[in-house]
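# next one to model:
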Amino acid sequence: MEFKKVLSLLIKNFDREDVRYGLMGGFSLAMLGIPRTTVDLDFLVHEGDFKKIDKIMKIMSYKLVFKTENVSQYVGKALSLGEVDFVHAFRKYSKKMLKRAQVRKIDDLTIKVLCPEDIIGLKIQAMINDPTRKNRELADIESILDKYKDKIDWGLLNEYFHLFGLDKDFNILIKRYGDIDKGR
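Have a look, this model is predicted:
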């Protein structure tokens, strides 16, 4: 996949169509200054914008290969287009994530990226949905905390960990990275 080219085209189309989105996944970590290998692009997109997304993706020569209530996956007809995945924001938590998305710059491109806490929240959900991913997701969470521990909203992280019944994991992380009185 030609990440910069694809990302640039996607963002220009998202902005033109006023799509509510936030970059997430492995590439979002790179945007936060945390190197991570990835093979695709992942976005959180407001449920009301899915028709716009589908139109954009088809115009850009992508094919919808998988869709559920929660996610959509597109694969480019050319190898250089790669795979682009969309998580549909229709719950209160995911809609709030979109509102908190932060504008970041990469070269001449301005892109909305989910905030570190929300990326962690989605990583928590990913390891609950697929327990075989727990070690990888925890490693990513610790990389985020290594870089952003002094700026993290520990209360929001506590809420995410509690939501998924992972209070024990939260307590381990807050003892390692934060002030024990934060997030309570």
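# and the helix or strand of the chain with the lowest mean pLDDT, what does it pack against?
For the chain, the helix or strand with the lowest mean confidence is helix 25-31, at a mean of 85 (criterion: mean pLDDT, DSSP states H and E). On a contact count with 3 or more CB pairs under 8 Å, 6 or more residues apart in numbering; DSSP states H and E, helix 25-31 meets strand 40-46, strand 109-113, helix 134-148. (Glycine included, C-beta is placed from N, CA and C.)
# which parts of this structure are strands?
Applying DSSP state E to the chain gives strands spanning 21-24, 40-46, 62-67, 71-76, 83-89, 102-106, 109-113.
# before we move on, back to that, output the least confident helix or strand of the chain as PDB - backbone C-alpha positions only.
Only the C-alpha atoms of helix 25-31 are listed here, as PDB (Å, rounded to 0.1, in the frame of the first residue of the first chain):
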ATOM      1  CA  GLY A  25      -5.100   1.600  14.500                       C
ATOM      2  CA  GLY A  26      -1.400   1.200  13.700                       C
ATOM      3  CA  PHE A  27      -1.000   4.300  11.600                       C
ATOM      4  CA  SER A  28      -2.600   6.500  14.300                       C
ATOM      5  CA  LEU A  29       0.200   5.300  16.600                       C
ATOM      6  CA  ALA A  30       2.800   6.600  14.100                       C
ATOM      7  CA  MET A  31       0.900   9.900  14.000                       C
END
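# now that helix: how far from the chain's centre is it?
For helix 25-31, the distance from its own C-alpha centre to the chain's C-alpha centre is 8 Å (CA atoms, centre = their mean, to the nearest Å).
# re earlier: save the helices and strands packed on helix 25-31 as JSON lines, and put in distance to Leu64 and mean neighbour count too.
Below are those laid out as JSON lines (distance: least, CB to CB, whole Å; neighbours: other CB atoms under 10 Å):
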{"stretch": "strand 40-46", "distance to Leu64": "13", "mean neighbour count": "22"}
{"stretch": "strand 109-113", "distance to Leu64": "23", "mean neighbour count": "18"}
{"stretch": "helix 134-148", "distance to Leu64": "26", "mean neighbour count": "16"}
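# tell me what the residue positioned nearest the centre of the chain is bridged to.
Among the residues of the chain, the smallest C-alpha distance to the mean C-alpha position (CA atoms, centre = their mean) belongs to Met24, namely 1.9 Å. Here Met24 sits in beta bridges with Asp42, as judged by DSSP bridges.
# need the pLDDT of it.
In the predicted model, Met24 carries a pLDDT score of 92.
# that one is in contact with Val87, isn't it?
Yes - using CB atoms under 8 Å, Met24 makes contact with Val87 at a distance of 7.0 Å.
# contact partners for Lys67?
If you count contacts by CB atoms under 8 Å, 6 or more residues apart in numbering, Lys67 has them with Gln73.
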